[in-house]
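Engineer: need coordinates for the following:
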Amino acid sequence: MPRFQLRVAYDGTNFHGWQRQEPPDLPPLRTAQGVLTVAVSQLMKDRISVNGASRTDTGVHARGQVAAFSVSESRVPPERLSMAINSRLPADIEVREARVVRDDFDPVRDCLSKNYTYRLRHGSEGRPPHVNGRPDPFDREMTAHCHQTLELAAMQRAAAQMTGTRDYKAFAHCPEQRETTVRSVHMCTVTELSPGLLRFDVAGSGFLHHMVRIMVGTLVDVGRGRIDPAAINEIIASCERKRAGQTMPPQGLCLEWIHYGGGESL
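Structural biologist: Residues are numbered from 1 along each chain as shown. Model (predicted):
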């Protein structure tokens, strides 16, 4: 039974997140997993279960989501699989790469690290680009906005304190839903891409619900002067959600890549 790994990109604006959602007595919500599962099942002429590595939320985007499925028999050569699936997908989601992996490959269990980015415009220099006198709708859906000018150096000092293997309960939306809130954050940086446009990069072994958005919100509050950069370690140690910053809106967040061992990274 061949097993395939897919690297999937999608604009999350019109998806209710990645994971399939089928409320009782209601039509299924439109999700990236649901749309992809229908396309693969149609192609393979069988009921296929497509599982993903990361449960992105409503409005969150992905360039490097990883999914996998098994099929009793595939008549589509691996080198043509992505094209065949894409012919059955809407324009806001696509399979960018497909390949055969070992039978027991699990996109969640075998994940070593994943990276999210968050794009934010701030201050007068960061005003969104305009088209015909109106804000560019594509920028609006892909980038968050803050009218206040943020202090970059303070945010960079604070970001450097957010790494390590620690209890990140203070950055969790629903910590009680997890067996443990201990996670390993390998990298947290803030970069100015152009005047008024920031990119936050966060990489780690895994994340709690809304964790990256709360980390970025805490850094934004540092940039506003509401939180002292030196207080980050104290906030993490407190394990109190109220000590951390706001939960940033979803549209600035994008899952960039997921790494695996055994040469199975996409």
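
Engineer: residue 169 touches residue 235, doesn't it?
Structural biologist: No: counting by CB atoms under 8 Å, residue 169 stays clear of residue 235, with 10.6 Å between them. To be clear about C-beta, it is placed using only N, CA and C from the backbone, and glycine gets the same treatment.

Engineer: the domain parsing of the protein - what is it?
Structural biologist: 3-109, 111-258 (automatic domain parsing).

Engineer: quote the end-to-end distance of the longest one.
Structural biologist: Distance between the two ends of domain 111-258: 7 Å, counting by CA to CA, to the nearest Å.

Engineer: for that domain, give the mean pLDDT please.
Structural biologist: The average pLDDT for domain 111-258 rounds to 92.

Engineer: so what's the gap between that domain and the chain middle?
Structural biologist: 12 Å (CA atoms, centre = their mean, to the nearest Å).

Engineer: equivalent analysis for the shortest one, please.
Structural biologist: For domain 3-109, the gap between its own C-alpha mean and the chain's C-alpha mean amounts to 15 Å (CA atoms, centre = their mean).

Engineer: quick check: end-to-end length of that domain?
Structural biologist: Start-to-end, domain 3-109 (CA to CA) is 16 Å.

Engineer: picking up where we left off before, I'd like the domains of the chain written out as a markdown table, with mean neighbour count added.
Structural biologist: A markdown table is the format used below for those (neighbours: other CB atoms under 10 Å):
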| stretch | mean neighbour count |
| --- | --- |
| domain 3-109 | 17 |
| domain 111-258 | 18 |
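
Engineer: spit out the contact partners of residue 143.
Structural biologist: Neighbouring residues of residue 143 by CB atoms under 8 Å, 6 or more residues apart in numbering: 119, 120, 121, 128, 197, 251, 252.

Engineer: got the phi and psi for it?
Structural biologist: phi -140, psi 130 (degrees, to the nearest 10).

Engineer: how near is it to residue 61?
Structural biologist: The spacing between residue 143 and residue 61, counted by CB to CB, to the nearest Å, is 11 Å.

Engineer: what do those two both touch?
Structural biologist: Joint contacts of residue 143 and residue 61 (CB under 8 Å, 6+ apart) are residue 251.

Engineer: ok so, going back, just give me the closest of the contacts of residue 143 to residue 226.
Structural biologist: residue 120 (15.6 Å; CB to CB).

Engineer: now do the same contact list for the closest one.
Structural biologist: Contacts of residue 120 by CB under 8 Å, 6+ apart are 126, 143-146, 197-200, 216, 220, 248, 252.

Engineer: and it, helix, strand or coil?
Structural biologist: Secondary structure, DSSP: H, G, I helix; E, B strand; the rest coil: residue 120 is strand.

Engineer: please name the bridge partners of it.
Structural biologist: For residue 120, the beta-bridge partners under DSSP bridges are residue 144, residue 198.

Engineer: likewise for residue 10?
Structural biologist: residue 62, residue 93.

Engineer: one more: residue 183?
Structural biologist: Beta-bridge partners, per DSSP bridges, of residue 183: residue 166.

Engineer: list the contacts for it?
Structural biologist: Contacts of residue 183 (CB under 8 Å, 6+ apart): 165, 166, 168, 204, 205, 206, 207, 208, 211.

Engineer: then residue 28?
Structural biologist: Contacts of residue 28 by CB under 8 Å, 6+ apart are 20, 21, 22, 34.

Engineer: could I get the residues you listed as CSV with secondary structure, pLDDT and distance to residue 83?
Structural biologist: Listed next are those as CSV, based on DSSP: H, G, I helix; E, B strand; the rest coil; pLDDT from 0 to 100; distance: CB to CB, whole Å:
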residue, secondary structure, pLDDT, distance to residue 83
20, coil, 92, 24
21, coil, 92, 28
22, coil, 87, 29
34, helix, 97, 21
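
Engineer: turn the residues you listed into TSV, columns for distance to residue 224.
Structural biologist: Shown next, in TSV, are the contacts of residue 28 (distance: CB to CB, whole Å):
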residue	distance to residue 224
20	38
21	35
22	41
34	38
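
Engineer: which one of those residues is nearest residue 89?
Structural biologist: Taking these together and measuring to residue 89 by CB to CB, the closest member is residue 34, at 11.7 Å.
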